[in-house]
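[1] need a structure here:
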Amino acid sequence: MNSGADEIAGSLGVAQEFASAAGGIGAVERKKENEDVSAAMALFVLGFGGLGLWWWWLGEETRRRWLYWIGRESGYGRAPSDMLEQLEWLLTNRIEDLQGMFLLFVLMSVAGVLEGNARRQAAILGGFGLRRLRAGRVLMLVWLCLTALCLVAPVALPYRGVALGLAVLLLLAMYTVGRGLRRVH
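    Numbers count the residues shown, from 1 in each chain. Purely as a prediction, here's the structure:
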C-alpha cells in the first residue's frame with residue numbers, strides 16, 4: 001500500500017512541476033507582450049518629445065508663420081503669440097474638427113471586434129490567439145498615438161482623409177483584438 005501512495009505522490013509532483021513549467025511559459029509570454037507594448041510606447045514618447053523640441057527650436061517667427069497658414073487654410077482665425085497658448089489654440093481647433101468623427105470611431109471599433117470574434121469562432125481551431133491579441137494591443141497604441149499626433153501636428157491636415165485613415169486603422173486594430181479574444185462560455 002505504501003508503494004501506491006508513493007506512486008500517487010510522485011505523479012502529483014510531476015503534475016505540479018508541469019503546471020509550474022506551463023505557468024512559466026505564460027509568464028514569459030506576458031513579459032514578451034508587455035515588452036512589445038513598452039517598446040512601442042517608448043518610441044512614441046521619444047517621437048512626441050522630438051516633435052516638441054523641434055517645435056520649440058523653430059523659433060517664434062517661424063512658428064507664427066506656420067500657424068498663420070494653418071489658421072488660414074483651416075479657417076481657425078488668428079493664432080496667439082505665446083507658445084503654450086499656440087498649442088492650446090491648435091488643440092482646441094483640431095478637437096473641434098474631429099468631434100464629428102467620434103461616432104465613426106465607435107462604429108469601427110464595434111464592427112472590428114464583432115467581425116474579428118465571428119471570424120475566430122468560424123475558424124476550425126478557434127481558441128485564443130495570443131499573438132493576435134498582442135498585435136491588436138500594439139495597433140491600438142499606434143492608433144492612439146497617431147490620433148494625438150494629428151491633434152498637435154504643426155501642419156494643415158485634410159481632416160476627412162485623416163479621419164478615414166484613423167478609422168480604418170482602428171477597425172484593423174479592433175479586428176485583430178477580436179480575433180485574439182478567448183471564447184466566453
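[2] now residue 80, what's its secondary structure?
    Recorded secondary structure, residue 80: coil (DSSP: H, G, I helix; E, B strand; the rest coil).
[3] mind checking how far it is from residue 103?
    In this view, residue 80 and residue 103 are 31 Å apart by Cβ to Cβ, to the nearest Å. In short, each C-beta sits where N, CA and C put it, glycine included.
[4] of these two, which one has the most company?
    Comparing residue 80 with residue 103 by neighbour count (other Cβ atoms under 10 Å), the higher total belongs to residue 80, at 14 against 9.
[5] separation between that one and residue 175?
    From residue 80 to residue 175 the distance is 42 Å (Cβ to Cβ).
[6] what do you get for residue 61?
    Remark: distance between residue 61 and residue 175 (Cβ to Cβ) = 46 Å.
[7] quick one: mean pLDDT for the helix or strand that contains residue 149?
    Per DSSP states H and E: residue 149 is located in helix 130-152. Here helix 130-152 scores 82 as its mean pLDDT.
[8] ok, now stretch 78-93?
    pLDDT averaged over stretch 78-93 gives 83.
[9] how about it: buried residues?
    Going by neighbour count (16 or more other Cβ atoms under 10 Å), the buried part of stretch 78-93 is 79, 86, 87, 89, 90, 93.
[10] got it, and stretch 100-116?
    Those would be 101, 104, 105, 108, 109, 112, 113, 116, for stretch 100-116 by 16+ other Cβ under 10 Å.
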